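Student: here is my input; please provide its structure:
(one chain, ligands or ions: 2)
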Amino acid sequence: MAVDLTTELHKVLGPKTAKAMATSLGLHTVRDLLRHYPRRYAKRGEMTRLDDLQVGDRVTVLAQVRRVTTRPMRQRKGSLTEVTVGDGAGTMQLVFFNHRHGQLREGSWGLFAGTVGEYRASKQFAHPDFHLITGDDDEEWARALIPIYPASKEVSSWVIQRSVKLLLDSGGGFGFVTDPLPEEIRARHGLQSLPAALLDIHRPTGSEDVERAEQRLKWDEALVLQLTLAARRRAAALEPGTARPRRSGGLLDAVDAALPFALTEGQHAVGEELAAELDRDAPMHRLLQGEVGSGKTVVALRAMAQVVDAGGQAALLAPTEVLAAQHARGIAALLGPLGRAGELDGDPAGTRVVLLTGSQRAAARREARAAVADGSAGIVIGTHALLQEGVEFADLGLVVVDEQHRFGVEQRDALRAKGARPPHVLVMTATPIPRTVAMTVYGDLEISTLRQLPSGRGGVSSSVVPVAEKPAWLGRAWERVREEVAAGRQAYVVCPRIGELEGEKGGAEEEPGDDDGAPADDGGDRRAPLAVLDVAEDLRTGPLAGLRLEVLHGRLTPEEKDARMRAFAAAEVDVLVATTVVEVGVDVPNATVMVVMDADRFGVSQLHQLRGRVARGKHPGLCLLVSEASTSSPTGQRLAAVAATSDGFELARLDLETRREGDVLGAAQSGRRSGIRLLSLLEDEELIARARTEATALLATERGLADHPGLAMEVAALATDERAEYLEKA
Ligand code: ADP
Ligand code: MG
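Tutor: Ligands and ions are numbered 1, 2, ... in the order given. Just a heads-up that it's a prediction; the model follows:
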């Protein structure tokens, strides 16, 4: 049978293995399997240090059988076989119940896969899968490096290894693989061919093979991604947009006159940039990244006002209802009568500000939709509900997406499609992004940066409260909260979980940890994270007794959430105990303290975001990161690093270093698969930049990818993956 990259795996591996690979690893085609690279390589004699394994890790180790003992079980029928294996660096116990096949003999070598557990203070695998290295595998065994693949319970590393071998044997090498990279690009950057690279990565004879192969395979990833992004940029540049020139004497001037502060230099500069771009008929596609609290909202509002002055509508898309409501309130307050055109006390020269969210009552939503459709609402603020069908704009001129990391490209596109002609797009994020990540994740956008915070800010000082080592510090933390409240300020207490209901999992707006690089809960011995409802109760009856305390979390109805946020903003509440609903964008300048409970359960960027909720006014702020982690552990050090710097760019880098690339891309751009496996956004900066140049050059010609069908196919494959992913999430 002729095998190529698109061949489905069941035709090559048989239905059973293929099905297991598809369901547990998402591998469907020969391309998928060949692009499923080893995670690392085992070498006889210098294996994973068994001593370094953590309880809960799912691993494959190469080790030698040292001792085998079988005895009947005392309490139950059957026998228990204990096997001691070692790799020179340490030993480990394997435990089997009713182990019949006596292949495990002293002296034999094998690969053992399972989840590391602990029994009587020593590490063990209960019932691991194993694969003994026997004479049949001599050829494999003699190889210097044994690939260890990302595996699953259903498909072990050695099954993958065998499957790759099968492909090799059936195809007579990887000769059936056509190389998508144009010859001249390969030559220019000294890259080996794809078949050679695949052979080297799956069956290396030494580490030089792996390095050379990785270099080449990273190019594939970088180039295909950059081509995708370059194509988007090109397509966008060709779209016909509508110029929205600046007009004086309108809403923008009114906004400027109403602002209670002077713009920072950065706000002014970015404002000019946006104003000029809105004045062009090619639609703007711009990312505004700015440190937490740098005042992005005002910049966006001024752009929106310019568009309204030019006769268009502007939509502001927020990731949560709390945030949408806050924006609507803030903007309406700032505009005053100018935001109430058509109402009795409104200024007919102004416009209407409407809020459109999923939780609104049908009548309110209908009314809002009508105002959007007839154009009387110049400024429309909402959540995902804005993307729904049935929301029609009279003349959508600008879309602002706040806190972009919660939105995917497709969602941006859905909103863009609501204009008769593509509207201008401004995306705002407070998660600063290193240059290469920006080039990759947001490669289809131009970038503006606000680094400066408005002057007169007190700044936030942060400390870790290591409760295991310094239990007294926690009491001191609550005293600090009381002191701030006594001085007229307010406080947040943030917990990772809501509490009360078993098996809860917060709403979409609060998934601490998983989507932000916090160490995943290992489900093992760690206690459940602290919960809002429990902590609030303890504080109310304990250290914060007598203060006005309220809780906020995703299980409340939107009305309740909104009411509580309003009460907090109006200083009717002293202490808000909340989940990460307060993470993004919440703006209460009078709040000066934040206590984060179980801070180690949050990711670095998330902590930085949370901390950005305090010291937004003139008073200095305090952020206390409470954790049981020991200060010398990696987790403790991560927290110390967050406490030590308030530079979001530095933290973004730290965050990247402690996370897998895929996670970064995944979180940064939900609903999008990047196709990135080997590329490191931090280490491969140079390579990515070169790939970007090549991609731009390839697409600059009239023929585009017409002369490079292989590349076109890879780009199409990535697009299909993305779309599939998006559909799965929707
Ligand atoms: P972010 O960039 O995090 O979204 P916001 O737009 O919410 O920040 O602004 C943070 C706070 O700073 C708000 O209370 C806002 O009114 C205030 N602010 C914005 N610009 C200035 C400025 N130039 N001077 C003083 N305060 C400002
Ligand atoms: Mg904001």
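
Student: closest residue of the stretch 451-600 of the chain to ligand 1?
Tutor: Nearest residue of the stretch 451-600 of the chain to ligand 1 (Cβ to the nearest ligand atom) works out as Pro454 at 3.2 Å. Any C-beta I mention is one placed from the backbone N, CA and C, and that applies to glycine too.

Student: confirm for me that that residue is in contact with Thr264.
Tutor: Yes. Pro454 is within contact range of Thr264, at 5.4 Å (criterion: Cβ atoms under 8 Å).

Student: what touches both of the two?
Tutor: Listed as contacting both Pro454 and Thr264 by Cβ atoms under 8 Å, 6 or more residues apart in numbering are 294-295.

Student: Asp169: which element?
Tutor: For Asp169, the element it lies in under DSSP states H and E is helix 157-171.

Student: which elements pack onto that helix?
Tutor: Judged by 3 or more Cβ pairs under 8 Å, 6 or more residues apart in numbering; DSSP states H and E, helix 157-171 is in contact with helix 9-13, helix 15-25, helix 30-34, strand 109-119, strand 146-148, helix 194-202.

Student: mind putting the ones you listed in CSV, mean pLDDT, distance to ligand 1 and mean neighbour count included?
Tutor: Below are the helices and strands packed on helix 157-171 laid out as CSV (pLDDT from 0 to 100; distance: least, Cβ to the nearest ligand atom, whole Å; neighbours: other Cβ atoms under 10 Å):
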stretch, mean pLDDT, distance to ligand 1, mean neighbour count
helix 9-13, 92, 47, 18
helix 15-25, 93, 40, 16
helix 30-34, 92, 41, 21
strand 109-119, 81, 42, 18
strand 146-148, 84, 44, 23
helix 194-202, 94, 43, 22
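
Student: mind checking these for the one nearest to Glu208?
Tutor: helix 194-202 (8.9 Å; Cβ to Cβ).

Student: for that closest one, the distance to its chain's centre please.
Tutor: Put simply, helix 194-202 sits 31 Å off its chain's centre (Cα atoms, centre = their mean, to the nearest Å).

Student: ligand 1 versus Glu272, what's the distance?
Tutor: 15 Å (Cβ to the nearest ligand atom, to the nearest Å).

Student: one step back: three-state assignment of the residue of the stretch 451-600 of the chain closest to ligand 1?
Tutor: Assigned with DSSP: H, G, I helix; E, B strand; the rest coil, Pro454 falls in the coil class.

Student: now do the contacts for it.
Tutor: 261, 264, 293-295.

Student: which parts of the stretch 601-730 of the chain sit against ligand 1?
Tutor: Arg616 (Cβ under 6 Å from any ligand atom).

Student: okay, the residue of the stretch 601-730 of the chain found nearest ligand 1 and Asp256: tell me how far apart.
Tutor: Using Cβ to the nearest ligand atom, Arg616 is the residue of the stretch 601-730 of the chain that sits closest to ligand 1, at 4.7 Å. Distance of Arg616 to Asp256, given as Cβ to Cβ, to the nearest Å: 21 Å.

Student: neighbour-wise, which of those two wins?
Tutor: Taking other Cβ atoms under 10 Å, Arg616 and Asp256 do not tie; Arg616 has more neighbours (23 against 14).

Student: residues of stretch 610-628 that come out buried?
Tutor: Neighbour counts over stretch 610-628 (16 or more other Cβ atoms under 10 Å) mark 610-617, 619, 621-628 as buried.

Student: ugh, typo on my part, it should be stretch 327-339
Tutor: Under the neighbour-count criterion of 16+ other Cβ under 10 Å, stretch 327-339 has 327-332, 334-335, 338-339 buried.

Student: and the strands in the stretch 351-500 of the chain?
Tutor: Secondary structure of the stretch 351-500 of the chain, counting by DSSP state E, counting those that start in this stretch: strands at 352-356, 377-382, 396-402, 424-429, 446-450, 460-466, 490-494.

Student: what's the offset of the fourth one from the middle of its chain?
Tutor: Looking back up the chat, that one is strand 424-429. In this view, strand 424-429 has its centroid 18 Å away from the chain centroid, taken as Cα atoms, centre = their mean.

Student: what about dumping the CA coordinates of it to PDB?
Tutor: Extracted in PDB, the C-alpha atoms of strand 424-429 (Å, rounded to 0.1, in the frame of the first residue of the first chain):
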ATOM      1  CA  HIS A 424     -11.400  48.700  12.900                       C
ATOM      2  CA  VAL A 425     -10.200  46.400  15.700                       C
ATOM      3  CA  LEU A 426      -8.400  47.200  18.900                       C
ATOM      4  CA  VAL A 427      -7.400  44.400  21.300                       C
ATOM      5  CA  MET A 428      -6.300  45.200  24.800                       C
ATOM      6  CA  THR A 429      -4.400  43.000  27.100                       C
END
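
Student: what angle do that strand and strand 446-450 make?
Tutor: Calculated by axes from the mean of the first three to the mean of the last three Cα atoms, to 10 degrees, strand 424-429 forms an angle of 50 degrees with strand 446-450.

Student: and strand 424-429, what other elements does it pack with?
Tutor: Secondary elements touching strand 424-429 (3+ Cβ pairs under 8 Å, 6+ apart): helix 265-278, strand 285-290, helix 296-309, strand 396-402, helix 409-416.

Student: check whether Asn590 really touches Tyr492, as I assumed.
Tutor: No. If you go by Cβ under 8 Å, Asn590 and Tyr492 don't touch, sitting 11.5 Å apart.

Student: can you list the residues of the protein near ligand 1?
Tutor: So far as Cβ under 6 Å from any ligand atom goes, the chain lies against ligand 1 at 261, 263-264, 267, 290, 292-298, 430, 454, 585, 587, 589, 616.

Student: and the longest helix for the protein?
Tutor: Counting by DSSP state H, the longest helix found in the chain is helix 207-238.

Student: what pLDDT, on average, does that one get?
Tutor: For helix 207-238, the mean pLDDT works out to 88.

Student: beyond it, next helix or strand please.
Tutor: helix 251-258.

Student: just give the number of residues close to Phe568.
Tutor: Counted with other Cβ under 10 Å, the neighbours of Phe568 add up to 24.

Student: show me what the closest residue to Leu132 other than its chain neighbours is bridged to.
Tutor: Using Cβ to Cβ, 6 or more residues apart in numbering and skipping residues adjacent in sequence, the residue nearest Leu132 is Gly110, 4.1 Å away. Beta-bridge pairing for Gly110 (DSSP bridges): Ala63, Leu132.

Student: show me the helices in the stretch 451-600 of the chain, by range?
Tutor: Per DSSP state H, counting those that start in this stretch, the stretch 451-600 of the chain carries helices over the ranges 472-486, 532-541, 558-569.

Student: using TSV, lay out the ones you listed together with mean pLDDT.
Tutor: TSV is the format used below for the helices of the stretch 451-600 of the chain (pLDDT from 0 to 100):
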stretch	mean pLDDT
helix 472-486	96
helix 532-541	96
helix 558-569	90
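
Student: what's near enough to touch Val551?
Tutor: Applying Cβ under 8 Å, 6+ apart, one finds that Val551 lies in contact with 532-533, 536, 564, 576-578.

Student: still on that earlier bit, buried ones among the residues of the chain next to ligand 1?
Tutor: Neighbour-count burial (16+ other Cβ under 10 Å) is assigned, among the residues of the chain next to ligand 1, to 263-264, 267, 290, 292-298, 430, 454, 585, 587, 616.

Student: and those, which two are furthest apart?
Tutor: Top of the distance list for these (Cβ to Cβ): Leu263 and Gly585, 19.3 Å.

Student: low pLDDT regions in the stretch 401-550 of the chain?
Tutor: Along the stretch 401-550 of the chain, segments meeting pLDDT under 70 span 404-412, 432-444, 501-526.

Student: which one of the helices and strands packed on helix 157-171 lies nearest to Leu544?
Tutor: Closest to Leu544 of the helices and strands packed on helix 157-171, according to Cβ to Cβ: strand 109-119, at 38.4 Å.

Student: so what touches that closest one?
Tutor: With contact meaning Cβ under 8 Å, 6+ apart, strand 109-119 is reached by 42, 44, 53-65, 85, 93-95, 104, 123-133, 141, 146, 148, 151, 156-158.
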